[in-house]
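K.L.:
structure for this input, please:
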Amino acid sequence: MTTRPSLAAVVSCLVAAAILAVLPFLISGYHQGLLTQVAVFFIAILGLDVLTGYSGQISIGHGAFMAVGGYTTAVMSYYHHTNLIVTMLMAFGICLAFGFVVGLPALRLSGVYLALATFALAVSMPQIPLKFSRFLGGSNGLQAQTVSHLWLYGVAWAAAAILFVGAWLILRGRTGRAFRAIRDSEVAATSSGVELPIYKTLAFGISAAYAGVAGSLFVLATNGYASPNEFTVALSLQILIGAAVAGLGSLWGVLVGAVFVGLLPEVSSSVPVVGSTHGQDVVFGLFVIVVILLLPTGFAGLLARLRVRLTRQSMASINSDPGTS
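P.N.:
Residues are numbered from 1 along each chain as shown. So this is what the prediction gives:
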């Protein structure tokens, strides 16, 4: 049995799409860049949600997959002048294969051990451009083609929309049911005929492919500049925070999580913190703590609770209406 989106969900998506289509013509190039950053995190968080929220595999290494995608675009653009859209497709394919490779040894790991393994991947990946500095630019980075804010905004949100629909189609069918079965109980999933190696590595591959596209766009959003300093562990943690704020196991809160991690650094940088040379980090951390305390199940959990409360109130009003008896 497949799930169908409610009318409210469809209308919300159409309204959001209409707003995003009109918005770039009403704002400055600087704000177009900020919203492009939100689109990048939207794609990355969406991929992590497929892996962690739906299949139950914890990852703190998505910055590494983004680095692979970002350097794919930078290398192909710098050395071969490849069309940037094509480089995004290449990043998707390369990271899909890379995700399968990482997912194979991850089959033997779970919980905190899997998290530590992916964390190690996030730590080690920025060292590769330093090792192959002649080809990848080392600490100086590699310069890809530069594009306008409007072009990048349109491409980023178009990619986000396509990947969102793709994730929804995957998760509503047999593959999505297998992912959820694995998340809830691997023993029960195996007894139901779910092939754990296939679906667990598939989740890693899909998630990494999404991160690869996000990494490709991330490089373009930073003036086409790919540098090891752009793909640190902090980037992986930002994606994980965004997924937690969105609400794991639900697609409908991803935009809120992307807005949170995409715009909060900009907001926190303008808040003065007396006696601290890292005021932005302090404010960002405080915001994260407050949001997690207030929304322990994320924005999607808040929506679910509101929906239940509204349903109960409507049922109570119907039962209390004497005209219904």
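
K.L.:
not counting its neighbours along the chain, what's nearest residue 207?
P.N.:
Once flanking residues are discounted, residue 207 sits nearest to residue 51: 3.7 Å by CB to CB, 6 or more residues apart in numbering. No exception for glycine: its C-beta is placed from N, CA and C like everyone else's.

K.L.:
low-confidence stretches in the stretch 201-325 of the chain?
P.N.:
Along the stretch 201-325 of the chain, the model assigns pLDDT under 70 to residues 268-281, 319-325.

K.L.:
if we go to 90?
P.N.:
Within the stretch 201-325 of the chain, the segments meeting pLDDT under 90 span 222-226, 229-230, 232, 234, 244-253, 256, 260-325.

K.L.:
on that earlier part again, list the contacts for the residue nearest to residue 207?
P.N.:
Each residue near residue 51 by CB atoms under 8 Å, 6 or more residues apart in numbering is listed here: 57, 59, 203-204, 206-207.

K.L.:
which stretches of the stretch 1-150 of the chain have low pLDDT?
P.N.:
In the stretch 1-150 of the chain, residues with pLDDT under 90: 1-21, 23, 29-30, 56-59, 61, 102-115, 117, 126, 130-146.

K.L.:
all helices of it, in order?
P.N.:
7-22, 29-48, 62-80, 84-106, 111-124, 127-131, 133-136, 149-172 (DSSP state H, counting those that start in this stretch).

K.L.:
go through the chain and flag its longest helix.
P.N.:
Assignment by DSSP state H gives helix 196-221 as the longest helix of the chain.

K.L.:
for that one, which positions count as buried?
P.N.:
199-221 (16 or more other CB atoms under 10 Å).

K.L.:
try stretch 256-271
P.N.:
256-262, 264, 268.

K.L.:
if we can go back for a sec, in terms of secondary structure, what does the longest helix of the chain contact?
P.N.:
Where contact means 3 or more CB pairs under 8 Å, 6 or more residues apart in numbering; DSSP states H and E, helix 196-221 is packed against helix 29-48, helix 62-80, helix 84-106, helix 149-172, helix 174-184, helix 186-191.

K.L.:
can you redo those as TSV with distance to residue 313 and mean neighbour count?
P.N.:
Compiled in TSV, those are given as follows (distance: least, CB to CB, whole Å; neighbours: other CB atoms under 10 Å):
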stretch	distance to residue 313	mean neighbour count
helix 29-48	32	24
helix 62-80	40	26
helix 84-106	44	19
helix 149-172	29	18
helix 174-184	29	19
helix 186-191	35	13
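
K.L.:
what does stretch 20-28 rub up against?
P.N.:
Taking CB under 8 Å, 6+ apart as the rule, stretch 20-28 contacts 32, 35, 149-150, 153-154, 157.

K.L.:
stretch 138-155: how far from the chain's middle?
P.N.:
20 Å (CA atoms, centre = their mean, to the nearest Å).

K.L.:
picking up where we left off before, let me have the helices and strands packed on helix 196-221 in JSON lines, extended by distance to residue 292.
P.N.:
Shown next, in JSON lines, are the helices and strands packed on helix 196-221 (distance: least, CB to CB, whole Å):
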{"stretch": "helix 29-48", "distance to residue 292": "15"}
{"stretch": "helix 62-80", "distance to residue 292": "19"}
{"stretch": "helix 84-106", "distance to residue 292": "26"}
{"stretch": "helix 149-172", "distance to residue 292": "24"}
{"stretch": "helix 174-184", "distance to residue 292": "21"}
{"stretch": "helix 186-191", "distance to residue 292": "27"}
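
K.L.:
of all these, which lies closest to residue 128?
P.N.:
Judged by CB to CB, the one of the helices and strands packed on helix 196-221 that comes nearest to residue 128 is helix 62-80, at 8.0 Å.

K.L.:
of all the helices of the stretch 1-150 of the chain, which one comes closest to residue 186?
P.N.:
Nearest to residue 186 among the helices of the stretch 1-150 of the chain is helix 111-124 (11.6 Å), distances taken as CB to CB.

K.L.:
for the closest one, list every residue counted as buried.
P.N.:
114-115, 117-119, 121-123.

K.L.:
can you state the direction angle for it and helix 196-221?
P.N.:
Orientation check (axes from the mean of the first three to the mean of the last three CA atoms, to 10 degrees): helix 111-124 against helix 196-221 gives 30 degrees.

K.L.:
dump helix 111-124 to PDB, restricted to CA.
P.N.:
Only the C-alpha atoms of helix 111-124 are listed here, as PDB (Å, rounded to 0.1, in the frame of the first residue of the first chain):
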ATOM      1  CA  GLY A 111      24.800   3.000  16.100                       C
ATOM      2  CA  VAL A 112      27.700   4.900  17.600                       C
ATOM      3  CA  TYR A 113      30.200   2.700  15.700                       C
ATOM      4  CA  LEU A 114      28.800   3.700  12.400                       C
ATOM      5  CA  ALA A 115      28.700   7.300  13.400                       C
ATOM      6  CA  LEU A 116      32.300   7.200  14.400                       C
ATOM      7  CA  ALA A 117      33.300   5.600  11.100                       C
ATOM      8  CA  THR A 118      31.500   8.200   9.100                       C
ATOM      9  CA  PHE A 119      33.000  10.900  11.400                       C
ATOM     10  CA  ALA A 120      36.500   9.600  10.500                       C
ATOM     11  CA  LEU A 121      35.600   9.800   6.800                       C
ATOM     12  CA  ALA A 122      34.600  13.500   7.300                       C
ATOM     13  CA  VAL A 123      37.900  14.200   9.100                       C
ATOM     14  CA  SER A 124      40.100  12.500   6.500                       C
END
